[in-house]
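> Need a 3D model of the sequence below.
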Amino acid sequence: MSAVTFAVGLLAPVGLTILNIDIHDAPQYPFMFAAGVAAWRRDWLQQISSGAGRRWLICGVLGSIALWVTIVVFGGALEGRLADYGGGWHWQAAGMDFWRSATCASLSLGLVVLYRDLFDHQGPVTRFLSRNAFGVYVLHAPVLIVVTRVMHDWTMDPQWKFLLASLGGVVASFLVVGLLARRVPGLRAIL
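Residues are numbered from 1 along each chain as shown. As a prediction, this is how the structure comes out:
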């Protein structure tokens, strides 16, 4: 996954987007989707022991932090040399692509096992959230744009505005999908 992401980064540096999707990171999406389909079909996630899941999660968190710090410290980011991180034939770009891929895979696996073990039940709220999660994934970008445009002229500290936009965006995304989008005949079939 990281090799393909690096190869795409040679042609499309970080920041080049199409429909709000960073082209540089786009290879991760089909790889993770295919891995998820394969894991579901072969029941891999039920076969992973709780201990192995915890190890993936711990190694993902600690390894991710250590690798990121190493790349930032030795790659020149602290001196302001950031261009080499965005793509091209630079070890910093390859390192960041490996970091993204390894973090994505290890944390995804560890968190899925953690949630399988600790949250293997649903109440009405979690049922609503899980039923609409894919729809939120698909439709969250325009909802966030509307939320942030509404908040654009508000006078408040940026950290509070970010927190409010994040919470408002999550709530609004789930409400739009759960109460509106699922009622539209064409969307209902895919969401």
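> Excluding sequence neighbours, find me the nearest residue to residue 59.
Leaving aside its sequence neighbours, residue 59 sits nearest to residue 106 (Cβ to Cβ, 6 or more residues apart in numbering; 6.1 Å). Heads up, the C-betas are built off the backbone N, CA and C, glycines and all.
> Then that neighbour would be within a helix, right?
Yes: applying DSSP: H, G, I helix; E, B strand; the rest coil, one finds residue 106 inside a helix.
> Name the helix or strand for residue 92, please.
helix 91-118 (DSSP states H and E).
> before we move on, back to that, who are the neighbours in contact with the residue nearest to residue 59?
56-57, 59-60, 63-64 (Cβ atoms under 8 Å, 6 or more residues apart in numbering).
> Look through the chain and report the residue furthest from the middle.
Taking Cα atoms, centre = their mean, the residue of the chain most remote from its mean C-alpha position is residue 155, at 29.5 Å.
> helices and strands of the chain: which one has the lowest mean pLDDT?
The least trusted helix or strand in the chain, going by mean pLDDT, DSSP states H and E, turns out to be helix 185-190, with a mean of 76.
> List the buried residues of it.
Residues of helix 185-190 classed as buried: none (neighbour count, 16 or more other Cβ atoms under 10 Å).
> Restricting to C-alpha, output it in PDB.
C-alpha atoms of helix 185-190 as PDB (Å, rounded to 0.1, in the frame of the first residue of the first chain):
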ATOM      1  CA  PRO A 185     -35.200   6.600  -3.300                       C
ATOM      2  CA  GLY A 186     -31.900   6.600  -5.200                       C
ATOM      3  CA  LEU A 187     -29.800   7.200  -2.200                       C
ATOM      4  CA  ARG A 188     -31.700   4.800   0.000                       C
ATOM      5  CA  ALA A 189     -30.500   1.900  -2.100                       C
ATOM      6  CA  ILE A 190     -26.800   2.600  -1.600                       C
END
